[in-house]
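Student: Got a sequence here, can you model it:
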Amino acid sequence: MSSHLPSHVPSMTMWWPLALVLAVGPVRSALAESVVQDPALSGGATTIFDVTPNAYGRALANLQKVRWMDMLAGKAVFMRNWYDQPEVIAGPFSNATGCGSCHFKDGRGRPLRELGTEAPLLVRLSVPTKDAPSGRHEPIYGGQLHDRAIPGVVPEGSVEVRYSVVKGTYADGTPYTLRKPRYHLAKLGYRRLSPKTMLSPRIPSPVFGLGLLEAIPDAAIEALADAEDRDGDGISGRPNRVVSVRDGKVRLGRYGWKANQPTLEQQVASAFSEDLGMTTALYPERNCTPKQAPCKARPAEAGGPALPEHQLEQALLYLRLIAPPARRDVTEPAVVMGQALFQQVGCAACHHGEFTTGEVKDISELSNQRIRPYTDLLLHDMGPELADGRPDGEASGSEWRTPPLWGLGLLETVNRQVRMLHDGRARSFEEAILWHGGEGARAREGFKALDATEREALVAFLRSL
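Tutor: Next up, the predicted model:
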């Protein structure tokens with residue numbers, strides 16, 4: 001247990017029913033204004049100090065006690081195995097048995113020893129058409145390939161990954177090796193894919209700090225956009241504009257690898273629909289197509305969606321109340337040097353260091369917090385190096401939302417594996433940087449030009465996040 005916490009404060013990531021004891025409470029809720037500037041506070045007064053394998057699953061440090069039981073109820077929804085009674089609520093198709101089976105300890109995938117050699121992958125599918133060049137769902141398999149199904153239904157297929165070696169050298173002559181993935185869909189259960197199908201592999205993202213990201217005002221994100229690169233720095237981030245399922249309005253996207261979801265509610269409901277095969281009020285149709293007769297023939301759920309509205313709200317509240325972990329070793333010389341190099345080589349041009357959240361009427365703990373997620377939540381063209389060739393909303397096939405970096409240094413501690421970038425190809429911080437192209441090419445070349453000590457310092461900074 002972190003020395004910053006009382007020894008009796010347990011972890012929110014303990015499995016049910018151990019989660020009856022909440023890792024919540026005002027551990028640092030009485031933060032004085034004078035220490036809010038502490039660079040260790042990734043989430044302002046919400047920041048939790050924990051360096052254990054439970055670091056991604058702790059409640060906001062300033063959480064009011066009145067919310068404890070509601071958060072517990074949400075955690076039960078999030079951690080439930082929905083396939084213990086598949087004939088009742090789940091399926092027919094899915095990629096997981098529950099939220100926690102992908103977001104192990106609220107992080108990014110399960111330990112590799114439980115997976116084989118790779119992080120879990122799902123594959124998004126779409127086909128370009130004349131009226132929708134950015135793509136519509138693949139006509140047979142829909143918008144996502146599902147590798148699981150309930151008894152009596154054939155799964156849609158599986159994804160196989162093969163790697164080729166890419167070798168290079170740093171400016172000082174030190175060699176490095178990257179892995180370039182190629183994807184193949186196998187064991188297809190419902191005929192061939194359309195030959196024009198566009199594939200986009202994705203790995204799960206950590207789920208802490210999402211309430212704080214939701215609380216960033218749109219104007220603060222839009223102020224960072226520079227679609228025409230008017231300042232000539234080679235960085236031209238722009239927002240993805242997507243339709244809200246709730247009200248039909250076009251809104252700023254901020255969740256997902258391509259910022260294709262405008263609200264946390266829609267992100268969560270979409271995950272229940274696509275990943276778990278569960279209908280909700282926002283997505284009342286099953287995730288099967290007219291070409292999949294066993295799926296379509298299954299009787300409709302009685303009494304409304306498989307996931308009732310109140311349970312969707314509970315899961316949503318749980319995710320809004322998970323805190324980002326504090327930074328560590330912020331005054332160590334190597335970390336301080338690495339932070340300066342992070343700025344110098346250009347990483348901070350996209351990985352924006354700081355925001356202040358707006359007023360959050362229903363959860364005041366999230367309001368007016370100075371946070372350091374290291375993202376601008378904008379789309380950036382990362383070039384052919386990382387392109388999946390599949391547009392999503394206004395995002396092109398080579399554009400990706402800048403992923404937040406907070407908590408990255410605890411990834412191995414929590415999930416016992418390091419797989420980064422959208423498809424998990426990067427096995428280290430260095431590899432993740434070296435795959436950057438397009439708008440990230442200048443930062444990549446700047447990193448490659450550093451000597452060994454400087455490279456180690458920049459990585460030390462990333463490990464401190």
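Student: Just list whatever residues bridge to residue 420.
Tutor: On the basis of DSSP bridges, residue 420 takes part in beta bridges with residue 426.
Student: What is the neighbour count of it?
Tutor: 21 (other C-beta atoms under 10 Å). In this view, the C-beta of every residue, glycine as well, is placed from N, C-alpha and C.
Student: before we move on, what about residue 39?
Tutor: Look at residue 39: counted by other C-beta under 10 Å, it has 16 neighbours.
Student: got the contact list for it?
Tutor: Listed by C-beta atoms under 8 Å, 6 or more residues apart in numbering, the contact partners of residue 39 are 327, 330, 372.
Student: so how far is residue 230 from residue 387?
Tutor: 25 Å (C-beta to C-beta, to the nearest Å).
Student: These two: which is more packed in?
Tutor: Taking other C-beta under 10 Å, residue 387 and residue 230 do not tie; residue 387 has more neighbours (17 against 8).
Student: Any stretches of the stretch 101-250 of the chain with poor pLDDT?
Tutor: Along the stretch 101-250 of the chain, the model assigns pLDDT under 70 to residues 110-119, 133.
Student: Now do the strands in it.
Tutor: Shown for the stretch 101-250 of the chain, the strands assigned by DSSP state E, counting those that start in this stretch span residues 122-129, 132-136, 144-145, 148-149, 158-169, 175-186, 198-202, 241-243, 250-252.
Student: what residues does the second one touch?
Tutor: Taking C-beta under 8 Å, 6+ apart as the criterion, the residues outside strand 132-136 that touch it are 126-129, 198, 390-394.
Student: buried ones in it?
Tutor: 134-135 (16 or more other C-beta atoms under 10 Å).
Student: Run the chain-centre distance for it.
Tutor: Distance of strand 132-136 from the chain centroid (C-alpha atoms, centre = their mean, to the nearest Å) equals 24 Å.
Student: what's the angle from that strand to strand 122-129?
Tutor: Angle, strand 132-136 to strand 122-129, by axes from the mean of the first three to the mean of the last three C-alpha atoms, to 10 degrees: 150 degrees.
Student: As a check, name the ranges of all helices in this structure.
Tutor: Using DSSP state H, the helices found in the chain span residues 68-79, 99-102, 210-214, 218-222, 264-274, 293-296, 309-320, 333-345, 383-386, 411-415, 429-434, 441-449, 452-464.
Student: Of the ones you listed, which is nearest residue 168?
Tutor: Closest to residue 168 of the helices of the chain, according to C-beta to C-beta: helix 429-434, at 7.1 Å.
Student: just checking, what packs against that closest one?
Tutor: Counting contacts by 3 or more C-beta pairs under 8 Å, 6 or more residues apart in numbering; DSSP states H and E, helix 429-434 is packed against strand 175-186, helix 441-449, helix 452-464.
Student: Residues in contact with the longest one: which ones?
Tutor: Pointing back at helix 452-464 there. Helix 452-464 is contacted from outside by 170, 172, 174, 327-330, 332, 334-335, 337-339, 341-342, 345, 347, 405, 408-409, 429-430, 447, 450, using C-beta under 8 Å, 6+ apart.
Student: Please list only the buried members of these.
Tutor: Buried members of these, counted by 16+ other C-beta under 10 Å: 170, 327-328, 330, 334-335, 337-339, 341-342, 345, 347, 405, 408-409, 429-430, 447, 450.
Student: returning to what we had before: mean neighbour count, the strands of the stretch 101-250 of the chain: which tops it?
Tutor: strand 144-145 (a mean of 24; mean count of other C-beta atoms under 10 Å).
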